[in-house]
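A.B. asks: next one to model:
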Amino acid sequence: MTQIAETKAPRYGRTAASCLGLALGMVGLAYASVPLYDLFCKATGFAGTPMVAKAPSATTGARDIAVRFDANVSPALPWRFRPEASEITLRTGQTTQVSYTIRNTGSAPTTGIASFNVQPELAAQYFNKLQCFCFTETNLAAGESQEVPVVFFIDPAIERDPDLRRLTTITLSYTFFPVKGFNPDRPLASAAAAIPPAAQ
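C.D. replies: Have a look, this model is predicted:
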């Protein structure tokens, strides 16, 4: 009887260790899934996520497409946010800059961060950003305004996509959300960065 108990003890220990390892692995996977999903979306344009380009398009296409700019702010953030133009029309492959104005209408410093997407989702894989204020913390003092640019082009390859042959309009949508844990004592930093020489 003692020998049987001694034989089972190591077996139970191995089973417990395996279960613990599996549980820890699942927790780690849960934490990693968000950045991995974000990376996947950025690499493929999935879920309306625009592509990130390192250089302007080397070619210009033959098709004009209208781009609408949608600007939204969470009710929890006392900001006004609007594009300089509600819509523009550009040729595929043409690098374009559009600026947005954000203003803190509240009585205290606040910070926000913008998420974005492209509609229709199928067009996101052809919408290439060279510069963007998205996913960058933007700090504004009470009453402060900033202009923040987005520089982009539409890949001419969109003209060869049979699913988008009738596409005439793309909507680029941004939404600002408040950032938790904002410290009003830290220096205010502008979200606008220098425009790449190739995009000027």
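
A.B. asks: in this structure, mark out all the helices, start to finish.
C.D. replies: Across the chain, reading from the start of the chain, the helices by DSSP state H fall at 2-44.

A.B. asks: in it, which spans are strands?
C.D. replies: In the chain, strands defined by DSSP state E lie at 51-52, 64-73, 79-83, 87-91, 96-104, 110-119, 127-131, 138-140, 145-154, 169-178, listed in chain order.

A.B. asks: single out the most deeply packed of the ones you listed.
C.D. replies: When these are scored by mean count of other C-beta atoms under 10 Å, the highest mean neighbour count falls to strand 138-140 (a mean of 23). Using the backbone N, CA and C atoms, a C-beta is placed for each residue, glycine as well.

A.B. asks: given that one, what are its sheet partners and their directions?
C.D. replies: The pairing partners recorded for strand 138-140 under DSSP bridges are strand 110-119 (antiparallel).

A.B. asks: can I get the partner strand in CSV, CA atoms only?
C.D. replies: Provided in CSV are the C-alpha atoms of strand 110-119 (Å, rounded to 0.1, in the frame of the first residue of the first chain):
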residue,chain,number,x,y,z
THR,A,110,-6.0,66.7,-20.1
THR,A,111,-4.4,64.1,-22.3
GLY,A,112,-5.9,62.0,-25.0
ILE,A,113,-5.0,59.3,-27.5
ALA,A,114,-6.6,58.7,-30.9
SER,A,115,-7.6,55.4,-32.5
PHE,A,116,-8.5,55.1,-36.1
ASN,A,117,-9.9,53.0,-38.9
VAL,A,118,-10.7,53.0,-42.6
GLN,A,119,-14.0,52.2,-44.3
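
A.B. asks: for it, what is the average pLDDT?
C.D. replies: Confidence over strand 110-119 (mean pLDDT, whole number) is 94.

A.B. asks: that strand vs strand 145-154, what angle?
C.D. replies: Between strand 110-119 and strand 145-154, the angle comes out at 20 degrees (axes from the mean of the first three to the mean of the last three C-alpha atoms, to 10 degrees).

A.B. asks: list the contacts of strand 110-119.
C.D. replies: Residues from elsewhere that reach strand 110-119 (C-beta atoms under 8 Å, 6 or more residues apart in numbering): 45, 47-50, 73-74, 77-79, 102, 104, 124, 127, 132-140, 170-179, 182.

A.B. asks: can you rerun that using 7 Å?
C.D. replies: 47-50, 77-79, 104, 124, 127, 133-140, 170-179, 182 (C-beta atoms under 7 Å, 6 or more residues apart in numbering).

A.B. asks: ok, back up a step: which of the strands of the chain has the lowest average pLDDT?
C.D. replies: Across the strands of the chain, the lowest-scoring stretch is strand 51-52, with a mean of 68.
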